[in-house]
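Visitor: Structure, please.
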Amino acid sequence: MKHSNISGFLWVAAAAITSSIGGVCFLSIPLPTLASNSLRCGIAALLSLFFLKKDKAAFRFNFSTLSAGLCFALTTQFFSLAVPLAGAGVSTLLLNTSPLFILLWNVLFFKKAPLPQQVVAATMALLGIWMIVQNHTMQGNLWGIVFGLCSGACYSGIFFAAQGTNAHPPSAFLLGQTISALCGSIFLLGAPWQQLTFGSVACILLLGLVQLGLSYRCMAKGLASTSPLAAGLICSIEPVLAALWANIFAKEPISLFFVLGSILVLGGIAIQQCSTFTLTKTN
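Guide: Sure thing, here's the model as predicted:
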């Protein structure tokens, strides 16, 4: 393996690891989740602004940036709503169903017929999600599943918007983080600040600086020297790690239904990523 490929692999792996702490951090903060999301996005926006200045890059505002920014903002909002209802592991898993939504949008809006393996991938993922929903031992309810799927759908929109001719992901991330921070700021009023502890404050900082800030920086560096297929497959470890952290630090149970459902969903995502990469190379 070439040195650049090893470097790209490590950067993407670092992005997946740092991003996986989001769910368990949310569960450790005694504030309304939208208030916590506002704080983490505000911190991340400052970090994104710092990196723009560091890279001597100008902020670009155009249709692609606005579209990706709005999708990013909605992704963070829906994910923060899903975590307390469905749990950190399930929410992160559903967030990572974005490749399957990309397949759906291609069929509905771009009239691209799915490949047979893509149909298999979607079927596996839907069966896995059904198993997770049917798991009565899961801490959560149906609304948590709905919000989690919405986060995956909005997350997929970022990739379409980022492919525009005038796309500039760093500007889109900064815009999306700023929108989320401002929209959630109303929930900061009357929040139980007296319940904050040193640990919960540390979790807020981790969410902003590491989970939402540093992880995207690592991903950007990784994508510069590794293939989309490799990046997508490496990122599949994120929901597995999220469930592990939630089990260790938040005592979330990991049931057999969750494991089997997760295997099906992640398997479907892997097949979809492979088929998309093969189709791209063919074209």
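
Visitor: Quick check: which element contains the residue nearest to Ala58 when sequence neighbours are not counted?
Guide: Excluding the flanking residues, the one nearest Ala58 by Cβ to Cβ, 6 or more residues apart in numbering is Leu52, at 7.8 Å. Just so you know, the C-beta spots here come from the backbone N, C-alpha and C atoms, and that holds for glycine as well. Following DSSP states H and E, one finds Leu52 within helix 33-54.

Visitor: got the buried residues for the first helix or strand past that helix going along the chain?
Guide: Downstream of helix 33-54, the next assigned helix or strand under DSSP H and E is helix 63-86. Using 16 or more other Cβ atoms under 10 Å as the test for burial, helix 63-86 gives 64-86.

Visitor: Determine the set of other helices and strands touching helix 63-86.
Guide: helix 22-27, helix 33-54, helix 88-95, helix 142-161, helix 169-184 (3 or more Cβ pairs under 8 Å, 6 or more residues apart in numbering; DSSP states H and E).

Visitor: Out of those, which one sits most buried?
Guide: Each of the helices and strands packed on helix 63-86 was scored by mean neighbour count; the highest is helix 88-95, a mean of 30, by mean count of other Cβ atoms under 10 Å.

Visitor: Of all the helices and strands packed on helix 63-86, which one is nearest Leu264?
Guide: Smallest distance to Leu264 across those (Cβ to Cβ): 10.6 Å, for helix 88-95.

Visitor: need the contact list for the residue at minimal distance from the centre of the chain.
Guide: In the chain, the residue lying closest to the centroid (Cα atoms, centre = their mean) is Leu95, at 5.2 Å. Taking Cβ atoms under 8 Å, 6 or more residues apart in numbering, we find Leu95 in contact with Thr75, Phe79, Ala82, Gly148, Ser151, Gly152, Tyr155, Pro239.

Visitor: What is the nearest of those to Ile6?
Guide: For the contacts of Leu95, the nearest to Ile6 is Pro239 (24.2 Å; Cβ to Cβ).

Visitor: What lies in contact with stretch 195-205?
Guide: Here stretch 195-205 has contacts from Cys25, Phe26, Ser28, Ile29, Pro30, Leu31, Ser36, Leu39, Arg40, Ile43, using Cβ under 8 Å, 6+ apart.

Visitor: List just the nearest of the residues you listed to Cys235.
Guide: Of the contacts of stretch 195-205, the one sitting nearest to Cys235 (Cβ to Cβ) turns out to be Cys25, at 18.4 Å.

Visitor: if I look at that closest one, how far off is Leu244?
Guide: 14 Å (Cβ to Cβ, to the nearest Å).

Visitor: ok, now Gly128?
Guide: From Gly128 to Leu244 the distance is 18 Å (Cβ to Cβ).

Visitor: neighbour-wise, which of the two wins?
Guide: Gly128 (24 against 17; other Cβ atoms under 10 Å).

Visitor: and the angle from the helix or strand harbouring the more buried one to helix 63-86?
Guide: When elements are assigned from DSSP H and E, Gly128 belongs to helix 116-133. On the basis of axes from the mean of the first three to the mean of the last three Cα atoms, to 10 degrees, helix 116-133 is oriented at 40 degrees to helix 63-86.

Visitor: what's helix 116-133 in contact with?
Guide: With Cβ under 8 Å, 6+ apart, helix 116-133 has contacts from 90, 93-94, 97, 100, 103-104, 114, 138, 142, 145, 149, 257-258, 260-272, 274-276.
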